[in-house]
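> give the three-dimensional model of this entry:
(chains A, B and C)
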Amino acid sequence: MPKLDESLLTGLPPFSLLDRAQIREILDQAVSRRYDEGTAIFREGHDADRFYLLLDGYLRVIRSTPGGDQIIVLHISPGQLFGIAPALQRNTYPATAIAAAESIALSWPVRVWDDFITRYPGFATESYKTLGQRLGQIQETLTEMATQAVEKRVACALLRMVHQSGRKSDKGIEIAFPVTRQNISDMTGTTLHTVSRLLSAWQKDGIVESTRKHIVVTDPHALVVLSEA
DNA sequence: TCATTAATAGCAT
DNA sequence: ATGCTATTAATGA
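Numbering: from 1, shown residues only, chains lettered A, B, ... in the order given. The predicted structure is shown next:
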């Protein structure tokens, strides 16, 4: 296995308070792996034997409902911890993580979790902070799904992806990972057909521009207006 | 070029 | 207004 460079972790929130030697310790226990687009890093209900940090790429976190269909709960962007079942006192993963684009992640065995928490200042607080943020976000989208009209939900979903992965391009802000209409419908509880119609209409109005699996928001403000309407 | 998968068009509920 | 079937378009082998 290649020796991992310390610059990979310096500056990332969970490790920002640590010195060089501590980061070295952490890296020496880590395993680095690459995941092709569409690959599962771990699956819902399986034994949580490792926890992860996304270095590069994007992930979809998916949960299946009692009804059998799957919904996209949230996305993970580079620098974030994920699969941190030990923080939830769980020994199985609560959701499935799929690489939305080619991704690279570090992972550690769960048995070192308690060690990390006690030995590395800032790691615990940052981990629980991201955990809390995610719970809040899930709550938000959940109530949104139950109460808001479809157009608003899709507008919100696009805005969320823009916020966590938006890159400026010449046309506007582009979503940095491949997204299908099916994906968006899985995030919003509709069908790909409705999403397709909405995107077509918005494209005509100059709010978005989309090609296959690729979306650019050309008028973010108009989308914000739609999401609040 | 063909097989696979994404996106739309048009009809039904 | 939203969902479904059938068709077209794009992509990658």
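> am I right that A:Ile71 sits in a strand?
Yes. Applying DSSP: H, G, I helix; E, B strand; the rest coil, one finds A:Ile71 inside a strand.
> how about it: what's its closest non-neighbour residue?
Closest residue to A:Ile71 apart from its sequence neighbours, by C-beta to C-beta, 6 or more residues apart in numbering: A:Asp186 at 5.5 Å. All C-beta atoms are positioned from the backbone trio N, CA, C, and that covers glycine.
> what's the helix or strand containing that neighbour in contact with?
Per DSSP states H and E: A:Asp186 is located in helix A:181-188. Under the contact criterion C-beta atoms under 8 Å, 6 or more residues apart in numbering, helix A:181-188 has outside partners A:60, A:62, A:70-72, A:100, A:141, A:145, A:150, A:153-154, A:156-158, A:191-192, A:194-196, A:199.
> re earlier: from A:Val179, how far out is the residue nearest to A:Ile71?
10 Å (C-beta to C-beta, to the nearest Å).
> with neighbour numbers in mind, choose between the two.
A:Val179 (25 against 21; other C-beta atoms under 10 Å).
> before we move on, the earlier item: give me the buried subset of the contacts of helix A:181-188.
A:60, A:62, A:70-72, A:100, A:141, A:145, A:150, A:153-154, A:156-158, A:194-196, A:199 (16 or more other C-beta atoms under 10 Å).
> near DNA strand B, list only the ones from these.
A:Ser196, A:Leu199 (C-beta under 7 Å from any atom of the strand).
> distance check, the residue nearest to A:Ile71 against A:Ser64.
Distance from A:Asp186 to A:Ser64, by C-beta to C-beta: 11 Å.
> got any residues that touch both of these two?
Contacts common to A:Asp186 and A:Ser64, judged by C-beta under 8 Å, 6+ apart, are A:Gln70, A:Ile71.
> got the contact list for the residue lying closest to A:Val110 once chain neighbours are set aside?
The spatial neighbour of A:Val110 that comes closest, neighbours along the chain excluded (C-beta to C-beta, 6+ apart), is A:Pro86 at 4.9 Å. A:Pro86 is in contact with A:Ala48, A:Phe51, A:Val110, A:Trp113, A:Asp114, counting by C-beta under 8 Å, 6+ apart.
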